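Peer 1: quick one: sequence plus predicted model below, questions after.
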Amino acid sequence: MKLTTVAAPKPHVTETKVTQAVAPEVLEYNWGDHDMRWELEAFGGGTRLTLWTNIGRRFIAMGAAGWHICFDVLDRLLSGTPIGRMVGPEAVKFGGWQRLHAEYAKQFGIETPDGPSQKGRTN
């Protein structure tokens, strides 16, 4: 199948291969060199969406912060208070991205481009 990034500054189409589809619970596919798995499951009075993907360790904090913002944008859209689409550089410029990036770097115990993570540091 072809995966198209909607409303990107320039068209971006990626050939992908669906590896598993169990409607409506699971969609799994390859996107470039990333394996993507989306799962829906009943949770409390609603639905839990889980995304699993492989991201190189060097980029894991950046990827986690980016996906976090994607889910925040989706949450705001579904709650009726949309904040608009953010992609690539726009997401990085978003005020919360730097904080999320630093927090994920600390959680994963990795260094960020700004320097070492906070793991093992004392004030």
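Peer 2: Structure received. Computed from a predicted structure; not experimentally measured.

Peer 1: which strands and helices sit next to the helix or strand hosting residue 66?
Peer 2: Under the criterion of DSSP states H and E, residue 66 resides in helix 60-78. Helix 60-78 sits against strand 46-53, helix 89-93, helix 95-108, with contacts defined as 3 or more Cβ pairs under 8 Å, 6 or more residues apart in numbering; DSSP states H and E. In short, each C-beta sits where N, CA and C put it, glycine included.

Peer 1: and the angle from the last one to helix 60-78?
Peer 2: Going by axes from the mean of the first three to the mean of the last three Cα atoms, to 10 degrees, helix 95-108 is angled at 130 degrees with respect to helix 60-78.

Peer 1: now residue 91: how far from residue 81?
Peer 2: 18 Å (Cβ to Cβ, to the nearest Å).

Peer 1: who's more crowded, the two?
Peer 2: Neighbour totals were compared for residue 91 and residue 81, and residue 91 leads with 20 against 8 (other Cβ atoms under 10 Å).
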